[in-house]
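**Q** Give me a model of this one.
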Amino acid sequence: YLKAGKHMHLTIEFSSDKDIILPIHYNHLVQGFIYDTIDEKLAEFLHSKGYGEGRNFKLFCFSNIFGKADNHSIPEHLVFKNKITLEVCSPMTDFCESFANGIFKKTIRLGSNILNVESIKVDNQYVVSENTVLAPLSPIVAYSTLLKPEGKKYTCYFQPGEEDFQRIVAENLRKKYKAYMGAEPPEDDIIIRPISTPKLHLVIYKGFVIKGYTCKLKIKGPKELIQIAVDAGLGSKNSQGFGCVRLANVS
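**A** Alright, predicted model coming up:
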């Protein structure tokens, strides 16, 4: 039984007796697996309501799946050798406890794969500086929904380095902070700039194409807001597997 602390990142290593085969666009499978693993009432609350008022937040995030993979042998699929790793994080203690304890209880099904839990590593990621470098574990998404002249809606995505990216991500962090803390966020500016070249990722999630970017980011601002980014994700669509970040080891 795991007692959760604050600012937890859980890194889970799964193994299988055979190759682990997943569709290239697997985010919905991982999200479904997380909902299946946590307590039913909590899953229902997150799924239907979430935290905060107005635009609600699930306040959890997960990384890409890491492991040795080949994407050639089966079209549209990734074939992992018999081990994969996933990182899951949330500022909510009840979520972390529920997820970790749910994982201990059973063999895991991910898509058509039956997996064993090899190990769970608990990492407390404390933000100690107002100048921090974040490393991406999944693509970071920042977007606006705009109207075409004929009245149709369309989604415009922004990349790190663009002014709109910084504005949208900073605004989103403040909203998450308010949803989590139930208090107004610090007002100091948040400055986010890429320190490596942003790489575009196109991910299909339940039929929708989502554009996200990965690159190392230097973020300057109130520690409490950077902590929210580390705990709950940076940018939008975190509970769909976007914007998972961790503190970068900077020498």
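**Q** which strand is the longest one in this structure?
**A** strand 113-124 (DSSP state E).
**Q** Quick check: buried residues in it?
**A** 113, 115 (16 or more other C-beta atoms under 10 Å). The C-beta positions use only the backbone N, C-alpha and C, and glycine is treated the same way.
**Q** average model confidence for that strand?
**A** Mean pLDDT, computed over strand 113-124, is 91.
**Q** ditto for stretch 97-106
**A** 86.
**Q** Distance from the chain centre to that stretch, please.
**A** 19 Å (C-alpha atoms, centre = their mean, to the nearest Å).
**Q** one step back: run through who's touching the longest strand of the chain.
**A** Applying C-beta atoms under 8 Å, 6 or more residues apart in numbering, the contact partners of strand 113-124 are 2, 5-16, 20-22, 83-84, 100, 103-104, 107-109, 246.
**Q** how about 6 Å then?
**A** 5, 7, 9-16, 20, 103, 107-108 (C-beta atoms under 6 Å, 6 or more residues apart in numbering).
**Q** again, but for stretch 226-237
**A** 7, 59, 61, 89, 91, 125, 127, 132, 140-142, 169, 173, 176-177, 219, 243-245.
**Q** what's the span of that stretch, first residue to last?
**A** Start and end residues of stretch 226-237 are separated by 17 Å (C-alpha to C-alpha, to the nearest Å).
**Q** sorry, back to before: and the longest strand of the chain, which strands flank it?
**A** strand 8-15 (antiparallel), strand 108-110 (antiparallel) (DSSP bridges).
**Q** coming back round to it: list the ones among the contacts of stretch 226-237 that fall in strands.
**A** Filtering those for strands - DSSP E - leaves 61, 89, 132, 219, 245.
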